[in-house]
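# The sequence and its predicted three-dimensional model are supplied below.
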2 protein chains.
Amino acid sequence: MADDPADAPPPARLGAGTLEATPPSGTPVAGRASGTGAPTLEDVARVAGVSRATVSRVVNGQRRVAAEIQAVVREAIATTGYVPNLAARSLVTRRTGAVIVVVSGAEEQGSPSTIDFADPFFGRVVGGMLRALRPHDVDPILMLAETDFDRSRVISSLRNGNADGALVVSTRGEDPMPALLVEAGLPAVVFARPGRPIPLSFVDVANRDGARLAAEHLVARGCRHVAAISGPLDVPSAQDRLSGFQDAMARHGQAFVPTAGGNFTYESGLAAMTALLDGYGDLDGVFASNDLMALGAIEALQAAGRRVPEDVRVIGFDDSSLGALSRPALTSVRQPIEEMAAEMARILLDTIADPGRRVTSTIFEPTLRIRASA
Amino acid sequence: MADDPADAPPPARLGAGTLEATPPSGTPVAGRASGTGAPTLEDVARVAGVSRATVSRVVNGQRRVAAEIQAVVREAIATTGYVPNLAARSLVTRRTGAVIVVVSGAEEQGSPSTIDFADPFFGRVVGGMLRALRPHDVDPILMLAETDFDRSRVISSLRNGNADGALVVSTRGEDPMPALLVEAGLPAVVFARPGRPIPLSFVDVANRDGARLAAEHLVARGCRHVAAISGPLDVPSAQDRLSGFQDAMARHGQAFVPTAGGNFTYESGLAAMTALLDGYGDLDGVFASNDLMALGAIEALQAAGRRVPEDVRVIGFDDSSLGALSRPALTSVRQPIEEMAAEMARILLDTIADPGRRVTSTIFEPTLRIRASA
DNA sequence: CAAATCCGCGAGAGCGCTCTCCGATCCTGG
DNA sequence: CCAGGATCGGAGAGCGCTCTCGCGGATTTG
């Protein structure tokens, strides 16, 4: 890979400030000997007057090493500025200390899934994983898996020992990624129950319970004609949220819940609400399967002259920052995303440590975050 | 890449007994011989009846290899299901094919910077980097750098060859990360001009131009008494946005611009606007240095009975998805974040390929995204 | 037709680390 | 005071890969 002038020419170059790159004078490298630049175990051993093996033992704390020698070695490590070469280590240990965080989904024409990352949801998940991984000194490698090629790249990375396992968060129901992982027998944990049952660990939120919470709240607030805006029904969570909501409403006397389908986007929520309003003018409550759609629904409601929450109450799902900032602030079912992500990391780490382990799943309880919209 | 399950040359064994629920019968692993599990170069060489070196040449396409032999080798690779062991490769090449993406900032008490990731800004930057890195087969390792410990971990990772370089996006002005990187002589590129001048490549947006755009738009819309809500002034971009705005307003006849300081959060925007309203009741236009603060400002304005945009026009900076979704939709100065992130990746890759390269900076031109709020 | 050239392949030496032996030292009990 | 056991450091063999070097055969040139 030399240079590729074919790459998108960077637009609008104004100033091109060029400073002389300073030769790092004060780099704490000392007492090396080999030609490459970085001090090696060998170098430390020489300085400390011990063997490579002993230094290794001190570094990894594997076997007891006499306190005295340990001090000498640590001293030598400090003066040489030694840091272990992870490539060499993982070559022999067959562990990389890295996991792949896969943001996966089927490719959608024209929707560069920048959207993925613009959605705070992914940020929260990734953030939660990072925090859980960090104390274990495990690095997260971020990969997008939109195309089959991407997915095979993930599998390859794992197979060739670039990473020890995968944490998958899918955007769609029929994502092939989980199945591929299982097929290859690779350690992995996914966010949300996979579309079809496969032996793979996952964490999820009790979607039906969350939907019930929403239903009960609407009922308690006096709503008598409520509708639902669902996500794509091939996604299990969307399915559960809808059916959970319908069931709960049925228990409270509303046997039929007018429903419109969306795809978790703002626009689809707007469209769904508009359609709903068309057929059912007397609605006084709406449950949307995520916040983005709920926001779209509010927009449609307001455009139709309905006030939220006075005329129609709206509840979302996710408790995203978007909903907290919008006006009226969105009442929403909160899933403890960060904790869920942390749990994923924990399960994966366990699985890596003990590959024989059976698959597990952890279901988290949602809570209702009451704000202004309902 | 069709591999028929029929052609399994030597007795294929995979780590059986690890999975329990599925018998993964069709795993594409076949034709190994060594004990570890994954086929090695050696295995491929044996199957193809050539030397290790030749297989390596085919894999890396480095030197001419007879087409005929090449075919045989590729065949062997396919039947063995060979994937190169990256650890072994990077041990000798001293390249890892990975870069660290550092989300950095000073530690703040009580604010678990989940906020970082909930802010769509980071998502967009990271997404842009991912896309630019992918075609080069470079993997991004995500790391948070909040504490000194985190930062030294980043430096260590780089120094011990865990990654080839760093892409840094800082949240604050006096972030120590850039300086540390320069000090250690490590390849790195930062997002936005560093707080103090150091020999480090960066990309940025022409903040002053963006602010000018906002000023001119407000003036064109008839605003005569405009105020500014700035970010923390130790951040160069916040400084430039403010002074750029002030200068542009001065050119248009408003020599004094009432200003309140915020820290890029919603709450600070709200507080700043409230304070501004206190002192200057006749404001008819506001420029906030980012969208979050602009949103807070609008909230304050509405709370004070001012209509947006009828009474007061508001312009933000960032063109974030938050602003697009809020009502009234936020007019904002757009910086091409994804392209900027891609350019960062490009510069870093160049720097890694040619470490002697001098530092460069690329400044992008902002544009005004006109929506409802101004 | 012989000599010079070139091209493509194989042999082999490590890259920096871990980890299994083994030998040396020390401690303990008889 | 010595045998036996426990403890701790050293030597050395690779992990899987790349890359330099050199050699043989094909091709070209005098």
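Thanks, I have the structure now. Numbers count the residues shown, from 1 in each chain, chains lettered A, B, ... in the order given.
# Could you chop chain A up by domain?
Segmentation of chain A into domains, based on automatic domain parsing, reads A:41-84, A:98-205+A:338-364, A:207-334.
# The shortest one and DNA strand C, are they touching?
Yes: in terms of Cβ under 7 Å from any atom of the strand, part of domain A:41-84 sits within range of DNA strand C, namely A:L41, A:E42, A:R52, A:A53, A:S56, A:V59, A:N60, A:Q62, A:Y82, A:P84. Placement of C-beta: from N, CA and C, glycine included.
# Could I get the domains of chain A in CSV, plus columns for mean pLDDT?
Shown next, in CSV, are the domains of chain A (pLDDT from 0 to 100):
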stretch, mean pLDDT
domain A:41-84, 86
domain A:98-205+A:338-364, 85
domain A:207-334, 94
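# got those domains as a markdown table, with mean neighbour count columns?
A markdown table is the format used below for those (neighbours: other Cβ atoms under 10 Å in any protein chain shown):
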| stretch | mean neighbour count |
| --- | --- |
| domain A:41-84 | 17 |
| domain A:98-205+A:338-364 | 20 |
| domain A:207-334 | 21 |
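# would you list the ones you listed in a markdown table and tack on distance to DNA strand D?
Output for the domains of chain A, formatted as a markdown table (distance: least, Cβ to the nearest atom of the strand, whole Å):
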| stretch | distance to DNA strand D |
| --- | --- |
| domain A:41-84 | 3 |
| domain A:98-205+A:338-364 | 7 |
| domain A:207-334 | 38 |
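# Distance to B:L142 added to those, as CSV?
CSV is the format used below for those (distance: least, Cβ to Cβ, whole Å):
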stretch, distance to B:L142
domain A:41-84, 20
domain A:98-205+A:338-364, 5
domain A:207-334, 20
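# can you tell which of those is closest to B:V101?
domain A:98-205+A:338-364 (7.3 Å; Cβ to Cβ).
# ok, back up a step: restrict the residues of domain A:41-84 next to DNA strand C to contacts with chain B.
Among the residues of domain A:41-84 next to DNA strand C, proximity to chain B is found for A:P84 (Cβ under 8 Å from any Cβ of the partner chain).
# Tell me the one among the residues of domain A:41-84 next to DNA strand C nearest to A:T367.
A:N60 (43.1 Å).
# Give me the distance between the closest one and A:V92.
Distance, A:N60 to A:V92, by Cβ to Cβ, to the nearest Å: 12 Å.
# try A:V44
18 Å.
# Surely A:R241 forms part of a helix?
Yes: per DSSP: H, G, I helix; E, B strand; the rest coil, A:R241 lies within a helix segment.
# Would you quantify the distance from it to chain B?
A:R241 is 21 Å from chain B, where distance means Cβ to the nearest Cβ, to the nearest Å.
# for A:I347, same thing?
For A:I347, the distance to chain B equals 16 Å [Cβ to the nearest Cβ].
# Same check on A:G97?
Separation of A:G97 from chain B (Cβ to the nearest Cβ): 8 Å.
# A:A238 too?
Using Cβ to the nearest Cβ, one gets 21 Å for the distance from A:A238 to chain B.
# Skipping adjacent residues, who's closest to that residue in space?
Excluding its sequence neighbours, the residue lying closest to A:A238 (Cβ to Cβ, 6 or more residues apart in numbering or on different chains) is A:G231, at 3.1 Å.
# same thing with A:R313?
In space, and not counting its chain neighbours, A:R313 is closest to A:A374: 3.7 Å by Cβ to Cβ, 6+ apart.
# Let me know how buried that neighbour is, in neighbour terms.
Using other Cβ atoms under 10 Å in any protein chain shown, A:A374 is surrounded by 25 other residues.
# Where do the helices of the stretch 201-350 of chain A begin and end?
Using DSSP state H, counting those that start in this stretch, the helices of the stretch 201-350 of chain A run over A:207-220, A:236-251, A:266-279, A:291-303, A:321-325, A:337-353.
# closest one to A:V314 among the ones you listed?
With Cβ to Cβ as the criterion, A:V314 lies closest to helix A:291-303 of those, at 5.5 Å.
# With only the CA atoms kept, save the closest one in PDB.
What follows is helix A:291-303, C-alpha atoms only, in PDB (Å, rounded to 0.1, in the frame of the first residue of the first chain):
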ATOM      1  CA  ASP A 291     -37.400   6.600  20.900                       C
ATOM      2  CA  LEU A 292     -36.700   7.600  17.400                       C
ATOM      3  CA  MET A 293     -40.000   6.400  16.200                       C
ATOM      4  CA  ALA A 294     -41.700   8.000  19.100                       C
ATOM      5  CA  LEU A 295     -40.200  11.300  18.200                       C
ATOM      6  CA  GLY A 296     -41.400  10.900  14.700                       C
ATOM      7  CA  ALA A 297     -44.800  10.100  16.100                       C
ATOM      8  CA  ILE A 298     -44.900  13.200  18.200                       C
ATOM      9  CA  GLU A 299     -44.000  15.200  15.100                       C
ATOM     10  CA  ALA A 300     -46.900  13.700  13.200                       C
ATOM     11  CA  LEU A 301     -49.200  14.300  16.100                       C
ATOM     12  CA  GLN A 302     -48.300  17.900  16.400                       C
ATOM     13  CA  ALA A 303     -48.600  18.400  12.700                       C
END
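# Can you give me the distance of the residue nearest to A:R313 to A:D247?
Relative to A:D247, A:A374 is positioned 19 Å away (Cβ to Cβ).
# Ok, A:A341 next?
28 Å.
# measure stretch A:158-170 end to end?
Stretch A:158-170 stretches 18 Å from its first residue to its last (Cα to Cα, to the nearest Å).
# just stretch A:192-205 next, same as before
One end of stretch A:192-205 to the other measures 7 Å (Cα to Cα).
# thinking again about what came up before, please identify which of the helices of the stretch 201-350 of chain A is closest to B:V169.
When the helices of the stretch 201-350 of chain A are compared by Cβ to Cβ, helix A:321-325 sits nearest B:V169, at 18.5 Å.
# now A:L144, what's its secondary structure?
With three-state DSSP as the basis, A:L144 sits in strand.
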